[in-house]
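S.K.: Mind folding the following:
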Amino acid sequence: GLSAFSKAPALGWLQIVGFAGIVELNVYNEQVNDEPGNYGAGFLGLRSIGFMNAGIADPEVRKKKLNAELANGRLAMFAIIGMFF
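M.R.: Residues are numbered from 1 along each chain as shown. As a prediction, this is how the structure comes out:
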């Protein structure tokens, strides 16, 4: 449970936070097409190493899929909050 956080030494937490900060500043620092959250890396960052295609070309299909993703994310947030009660 949460007591595992106290078992990790302070230098371990410093390494974790430092690595996350380096990734944020060096890898995911630019947005593509001024879209929040779009870093151009694709699914699991695979596009940045050359394993994915260019993405969805049709803007209407892309918009529909992004809206579906947002709706699913919101539903998941409600579901996890519902499990608390």
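
S.K.: mind checking the longest helix of the protein?
M.R.: helix 59-84 (DSSP state H).

S.K.: Tell me how far that helix lies from the chain's centre.
M.R.: Here helix 59-84 shows a centroid-to-chain-centroid distance of 14 Å under the convention CA atoms, centre = their mean, to the nearest Å.

S.K.: got any ranges where this structure has weak pLDDT?
M.R.: Residues of the chain that meet the criterion pLDDT under 70 lie in 31-33, 39-45, 47-48, 50-52.

S.K.: Quick test: name the residue nearest the centre of this structure.
M.R.: Residue closest to the average C-alpha location in the chain (CA atoms, centre = their mean): residue 37, at 7.6 Å.

S.K.: host element of residue 28?
M.R.: Element membership for residue 28 (DSSP states H and E) is empty, with no helix or strand holding it.

S.K.: still on that earlier bit, may I have the phi/psi pair for the residue nearest to the centre of the chain?
M.R.: phi 80, psi -10 (degrees, to the nearest 10).

S.K.: That one and residue 69, how far apart?
M.R.: Noted for residue 37: a distance of 10 Å to residue 69, by CB to CB, to the nearest Å. C-beta coordinates here come from the backbone N, C-alpha and C atoms, glycine included.

S.K.: Then residue 36?
M.R.: 13 Å.

S.K.: out of the two, which sits in the busier spot?
M.R.: residue 69 (10 against 5; other CB atoms under 10 Å).
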